[in-house]
Every structure is written in C-alpha cells, then in structure tokens.
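Participant: sharing a sequence plus its predicted fold:
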Amino acid sequence: MSGSGPLGALSTSSQPAAPADASEPVRRVDCAVVGGGPAGLSAAVCLARMRRSVLVIDDRDGRSLWGQTNRNYLGFPNGIPAAEIRLAGRRQAARYGAKFLSGRVAAATHDDGSFRLRVEASAGDGHRETAGRVANVRRDEELGSSLGEETVIGPADIVARTAILATGVRDNFPRFLGWAQCVGKSLFWCIACDGYESTGKLVAVVGHDEDAAETALDLLDFTDRVTVVAGRPEGFDLPERRLADLRDNGIGAYPHAVAAYANADGLIEELVLDDPDQTRLSVEMVFAYRRPTPRNEVAIALGLELNELGHIVVNTEQHTNVPGLYAAGDVTSPHDHQISAAVHEGNQAACAANYFLYRPVQRAPDKEEC
C-alpha cells in the first residue's frame, strides 16, 4: 500500500507528520475514487478488500442523497432508500480501510503515470441546492465524521496511481416551492425505477421532446391515466405524427408551461398550467424529463473521450481511453443508469484498477489489463 501524507488545511485536529516540502502537502494513494454514491462506494469496498489504499472524494452533490426509495435492488423486497444504501456503503468501505475526504475536485492532471487532483472546499460552488434532502445530507455528514472523514478547508493535493470517476449527473428538476421534498416521493425521473409504483395512478409527464413522449407511452403499461405537459412556453418539440401517437393512445398533450406545482409534504397534487384558463390537472406522480447534465468536469480535464451527451465512454470493464483511469455509474455512457448498474460498474472498475496496480510478475505475460 502507498504511504500517505497530510491533506493540507483540514477540519480534523490530528494530522500525520508533514512531508519534507510542507509548502506542497500531498497524499499519495493507490486509487482516488471521485464520487461517493453507489458506484464510487462499490469501487472503494472492492479495492479496500484488495488491500489497496483508497481515498473517496465526495462533495455530497449527487443523486444518492435525494429521497427516492429503490425497489428493484435485489435483496430488499420492501425497498430501501438510496440514502440508506449510501450510508451502509460508507460503513462497509470504512470497515476495510477506505478513507473519505469531503471536497470538490477543482483541477486534475495526468503526468508520469499518476493522477494529481487538486481538491477544494465544496461549499459555495454554486450547486449546493442540488445536494439532496437536508436531512439526508446531515445524516451523511454525521456518519462521515464518525468514520474519520476529513473536510477540505484549504486546497489539498492528492496523487493517485489510479483513479475512478463516479461523479454522476446533476438532475435538472423543475424548481418550485417544496420541490426538493417532492423528489423521490412524487417527482421522479426513471420509469425503470419507479414505473411500477404508478400502477393505476394519475401520472403527468413534464417534458417537450421524444424522451417525454416515449415515457408517456411506456407508462401505459402501468396506468391508462397519463398526461403530457410540455413544461415550457415554446410547446412541444415533436412532429405532428408523434403528437398523434399520444392522442391515439388516450394521452392528453398540453403544449404549455407549468405555472405551479401544488404540493404538500412532498406530494404533488395538481399542475396548474400557464394557459389562458389556468388549467388544473390532478396528479399523483410526476415524471420530469429534462435531460440530466453529466458531471464531467474532471473527465474533461483529464482528456477522456465523451459521447455526444457528455457521458464518459467506457468499455465493459469500465476502462476509459486513458490507462489507469476508469469510470462508473451515471456519468458513463451505458444506458442503464440505475443503482444496481452503478454498483456493478463500480466493482468492475475496481477490479480493472486493481489489475493495473499489479506488479508485472502478477500479470499474465500476454495481458496488459483485465
């Protein structure tokens, strides 16, 4: 395992001895995992169990801190909140020696066979409102403190032999009073995760493009009470034949923005449309389709190949186009962005990184990586 030095200005009072050049405090690890959601934590567990030094860097700005309950994850017949999976994963990774750093990777370079990450304090980065429910964030912070998580105050440099990017996406939910409490309770984005719960219910899809049309039609497998609202003044970006598909299948389509999401205690009850009549649509569930934004800033800094949507291109073993650098979870290009897939991809990335870290004698003579 690689040795480690101090992280710079941290919230902890007990720090290891400073390196020879105290002006450039550096921590060296076998693997830096950027992102502490299901993908990153799965990778951390696997690598820590392989006796690698692992540092999970996370800014608590991801999907796993929202209020959604995951009901299609094997082994939890009654479902389990995503935030609980995250807490359990952090405990599991810590049990095997993984360390945690709370901060945001502000710069990244790849040189001389290693990755150098400059980590800064995450507060005030302009995106904190998307970090999930306040109660979930606080519980995560409390657990992190009990596990010895360090919090960056001044910039800290991490040098890693390998790195796994599990930075996820930033969801573009509609903003309205009470919206954060509705996410995962009555406001959703994934039919594979939550379509079953719409069975027989009044469901509205808010979106203007083909993704919204497909989702509305797919929801007919669960309920025949589906409506689509464009969610913007410009109306739909759909050809007439596609609008006809909606009408022919009994789906009402309203080319209007939403003036208000009437909600209480996280439950959206009505959509008030921004039309001359202020049309009110009763709803029980809303699927909002505004394409999420991949959190790919670190990937771009490291020169990774991205697809047309900005997701990191990987192969089946989570390799990127840069040796020693892997990616997993929602930030990657595979279609299946679910927790179960993220856990699998994190494990795959960890196994690939571990093989990369093997000494030459440990590898098959004709094999570069696995």
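Facilitator: Now that the structure is in, tell me what you want to look at.

Participant: surely residue 284 and residue 203 touch.
Facilitator: Yes. Counting by C-beta atoms under 8 Å, a contact exists between residue 284 and residue 203, whose distance comes to 6.9 Å. C-beta here means a position set from N, CA and C on the backbone, and glycine is covered the same way.

Participant: the more surrounded of these two?
Facilitator: More neighbours sit around residue 203 than around the other of residue 284 and residue 203, counting by other C-beta atoms under 10 Å; the figures are 27 against 17.

Participant: for residue 332, give its distance to residue 346.
Facilitator: Here the criterion is C-beta to C-beta, to the nearest Å. By it, residue 332 lies 10 Å from residue 346.

Participant: equivalent analysis for residue 160, please.
Facilitator: Applying C-beta to C-beta, one obtains 16 Å for the distance of residue 160 from residue 346.

Participant: and those two? Which one has more around it.
Facilitator: Neighbour totals were compared for residue 160 and residue 346, and residue 346 leads with 31 against 26 (other C-beta under 10 Å).

Participant: for that one, give me its contacts.
Facilitator: 38, 39, 40, 41, 42, 43, 44, 46, 164, 166, 328, 329 (C-beta atoms under 8 Å, 6 or more residues apart in numbering).

Participant: ok, now residue 73?
Facilitator: When contacts are counted by C-beta under 8 Å, 6+ apart, residue 73 is found next to 79, 80, 85, 339, 340.

Participant: for residue 338, same thing?
Facilitator: When the contact criterion is C-beta under 8 Å, 6+ apart, the partners of residue 338 are 72, 190, 192, 193.

Participant: any idea which of those has the most stuff around it?
Facilitator: That'd be residue 193 among those, by other C-beta under 10 Å, with 21 neighbours.

Participant: quick check, it in contact with residue 69.
Facilitator: No. With contact defined as C-beta under 8 Å, residue 193 and residue 69 do not form a contacting pair (9.3 Å).

Participant: ok, now how distant is the most centrally placed residue in the chain from residue 358?
Facilitator: Nearest residue to the geometric centre of the chain (C-alpha atoms, centre = their mean): residue 168, 3.1 Å. When distances are taken as C-beta to C-beta, residue 168 and residue 358 turn out to be 29 Å apart.

Participant: repeat for residue 307
Facilitator: Relative to residue 358, residue 307 is positioned 30 Å away (criterion: C-beta to C-beta).

Participant: wait, what's in contact with the spatially closest residue to residue 336 that is not a sequence neighbour?
Facilitator: Take residue 336 and drop its neighbours on the chain: the residue closest to it by C-beta to C-beta, 6 or more residues apart in numbering is residue 192, 7.8 Å away. By C-beta under 8 Å, 6+ apart, the residues touching residue 192 are 72, 336, 338.

Participant: Serialize the residues you listed to a markdown table and add fields for pLDDT, secondary structure and distance to residue 116.
Facilitator: Compiled in a markdown table, the contacts of residue 192 are given as follows (pLDDT from 0 to 100; DSSP: H, G, I helix; E, B strand; the rest coil; distance: C-beta to C-beta, whole Å):
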| residue | pLDDT | secondary structure | distance to residue 116 |
| --- | --- | --- | --- |
| 72 | 93 | coil | 39 |
| 336 | 77 | coil | 32 |
| 338 | 92 | coil | 32 |
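
Participant: now residue 244: phi and psi?
Facilitator: Main-chain torsions, residue 244, degrees, to the nearest 10: phi -70, psi -40.

Participant: quick one on the thing from earlier: possible to save the contacts of residue 338 as JSON lines with secondary structure and distance to residue 60?
Facilitator: Rendered in JSON lines, the data for the contacts of residue 338 read as follows (DSSP: H, G, I helix; E, B strand; the rest coil; distance: C-beta to C-beta, whole Å):
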{"residue": "72", "secondary structure": "coil", "distance to residue 60": "25"}
{"residue": "190", "secondary structure": "coil", "distance to residue 60": "21"}
{"residue": "192", "secondary structure": "helix", "distance to residue 60": "25"}
{"residue": "193", "secondary structure": "helix", "distance to residue 60": "21"}
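
Participant: give me the neighbour count for residue 75.
Facilitator: With neighbours defined by other C-beta under 10 Å, the count for residue 75 comes to 5.

Participant: quick one on the thing from earlier: now the contacts of residue 346: which count as buried?
Facilitator: With neighbours counted by 16 or more other C-beta atoms under 10 Å, the contacts of residue 346 contain buried members at 38, 39, 40, 41, 42, 43, 44, 46, 164, 166, 328, 329.

Participant: now render these as CSV, adding distance to residue 263, secondary structure and pLDDT.
Facilitator: As requested, the buried ones among the contacts of residue 346 are exported to CSV (distance: C-beta to C-beta, whole Å; DSSP: H, G, I helix; E, B strand; the rest coil; pLDDT from 0 to 100):
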residue, distance to residue 263, secondary structure, pLDDT
38, 28, helix, 97
39, 31, helix, 98
40, 32, helix, 98
41, 31, helix, 98
42, 34, helix, 98
43, 36, helix, 98
44, 36, helix, 98
46, 40, helix, 98
164, 38, strand, 98
166, 32, coil, 98
328, 34, coil, 98
329, 29, helix, 96
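
Participant: what two of those are the furthest from one another?
Facilitator: The largest separation in the buried ones among the contacts of residue 346, counting by C-beta to C-beta, is between 46 and 329 at 13.9 Å.

Participant: before we move on, back to that, farthest-separated two in the contacts of residue 73?
Facilitator: Using C-beta to C-beta, the pair of the contacts of residue 73 lying farthest apart is 79 and 340, separated by 12.8 Å.

Participant: and for residue 79, the neighbour number?
Facilitator: Burial of residue 79 is recorded as 14 neighbouring residues (other C-beta under 10 Å).

Participant: thought it was touching residue 85?
Facilitator: No. Proximity of residue 79 to residue 85 does not meet the contact threshold set by C-beta under 8 Å, at 10.6 Å.

Participant: from the contacts of residue 346, which is closest to residue 65?
Facilitator: Among the contacts of residue 346, residue 38 lies closest to residue 65 (C-beta to C-beta), at 11.5 Å.
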